[in-house]
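Peer 1: Pasting the sequence and the predicted model now:
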Amino acid sequence: MEFLAEYGVFLAKAITIVVAAMIIIGTIVSAGMRTKKGAAGHIEVTHLNHELEEMTDAIRSVALDKDVLKQELKNEKKQAKQEKKDRVKVEKEGGHKKRVYVLDFEGDIKASAVESLREEITSILSIAKKEDEVVLKLSSSGGMVHTYGLASSQVQRICDRDIPLTICVDKVAASGGYMMACIADKIIAAPFAILGSIGVVAQLPNFNRLLKKHDVDFELMTAGEYKRTLTLFGENTDKGREKFMEELEDTHSLFKAFVVENRPQLNIDEVATGEVWFGKRALAKKLIDELG
């Protein structure tokens, strides 16, 4: 009996320790999950001047004579010290030295990078002045109307604050990508960058005849005459096709109006055909302002 009593006490202590450990572990895991859930990411800022200086220094260290390099570095250090002194003086007097903020946007069909873009623009607008400039390096072939509409509205926030905006296109700014680009005060594109595609496209297969061939019924229930115009498995009608086309045309009209509002110098009927042009041709069409 004494053995059983001692064993019972030991077992109770062991269970207590295990339960306490589980509670502690559970609390730590729960706190970690809350932290992870609440984390909003972070913004990485790179001082491009410093980055360029580092690359230049690396090349000069190999290309220049040791004494020449030493003298150049000495002169630059003196110049940098004077520039810092001048900058501090200007800021104390209420002045402002122009800054250029450079952003990147790599667009997929869903414009997935729009969330990051929004946060970056919000951060810039919290400090940027009208004397500054924002440069957006844009690459996108377009995608969904509503997501690129949102991306364009984020870019518009910069212009609404009267901060000069330049958009640079190295590869492509087409369809929704051009919707974003046309907002800029200046568009600079590479000679063979692809621009334009001011149009709307929709395509989908229909398996209704295949289903009928294999004696498979498909029921589609809707409330509202145009809740579904074209479907994948139902039997499409001419009326549905006409309505779907009407919606495409309306979207195209909105797209064209948006481009004209931002680039009135364009001949919209000439460029809103869904075609794309290389940078050099796009310049002649006034889709861009400069080649670079």
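Peer 2: Now that the structure is in, tell me what you want to look at.
Peer 1: Report the contact partners of residue 261.
Peer 2: Applying CB atoms under 8 Å, 6 or more residues apart in numbering, we find residue 261 in contact with no residue. Backbone N, C-alpha and C define where each C-beta goes, glycine included.
Peer 1: Is residue 105 in contact with residue 180, as I believe?
Peer 2: Yes - the pair residue 105 / residue 180 is scored as a contact, 7.4 Å apart, by CB atoms under 8 Å.
Peer 1: Mutual contacts of these two, please.
Peer 2: In contact with both residue 105 and residue 180: 138, 140, 151, using CB under 8 Å, 6+ apart.
Peer 1: Could you give me the ChimeraX selection string for whichever of those are buried?
Peer 2: Only the buried entries of the shared contacts of residue 105 and residue 180 go into this ChimeraX selection, using 16 or more other CB atoms under 10 Å:
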select :138,140,151
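Peer 1: if I pick residue 81, what's in contact with it?
Peer 2: Contacts of residue 81 (CB under 8 Å, 6+ apart): none.
Peer 1: For the stretch 51-200 of the chain, just list every one of the strands.
Peer 2: For the stretch 51-200 of the chain, strands defined by DSSP state E, counting those that start in this stretch occupy the ranges 100-107, 133-140, 165-174, 186-189, 194-196.
Peer 1: Return the third one as CSV; C-alpha atoms alone will do.
Peer 2: The C-alpha coordinates for strand 165-174 follow below in CSV (Å, rounded to 0.1, in the frame of the first residue of the first chain):
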residue,chain,number,x,y,z
LEU,A,165,6.3,60.7,-61.7
THR,A,166,8.5,59.0,-64.3
ILE,A,167,7.8,55.4,-65.4
CYS,A,168,10.6,53.4,-67.1
VAL,A,169,9.9,50.4,-69.2
ASP,A,170,12.7,48.1,-70.1
LYS,A,171,10.7,45.1,-71.3
VAL,A,172,6.9,45.5,-71.5
ALA,A,173,4.0,47.7,-70.4
ALA,A,174,1.0,46.3,-72.2
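Peer 1: can you offset everything so residue one is 9?
Peer 2: Let's use 9 as the start, then, which means that last one is strand 173-182.
Peer 1: Kindly state the domain boundaries assigned to the chain.
Peer 2: 107-205+283-300, 209-270 (automatic domain parsing).
Peer 1: one step back: quick one: which of residue 113 and residue 188 has more around it?
Peer 2: Comparing residue 113 with residue 188 by neighbour count (other CB atoms under 10 Å), the higher total belongs to residue 188, at 28 against 23.
Peer 1: Could you pull up the residues touching residue 162?
Peer 2: 122, 125-126, 129.
Peer 1: What separation do you get for it and residue 226?
Peer 2: Distance, residue 162 to residue 226, by CB to CB, to the nearest Å: 41 Å.
Peer 1: Please apply the same query to residue 177.
Peer 2: Counting by CB to CB, the gap from residue 177 to residue 226 is 45 Å.
Peer 1: ok, the two, which is more surrounded?
Peer 2: Neighbour tally, residue 177 and residue 226, criterion other CB under 10 Å: the higher count belongs to residue 177, 28 against 13.
Peer 1: so that one touches residue 195, yeah?
Peer 2: Yes - counting by CB under 8 Å, residue 177 does reach residue 195; the two are 6.9 Å apart.
Peer 1: Are there residues contacting both of those two? Which ones?
Peer 2: With CB under 8 Å, 6+ apart as the test, residue 177 and residue 195 both reach 189, 296.
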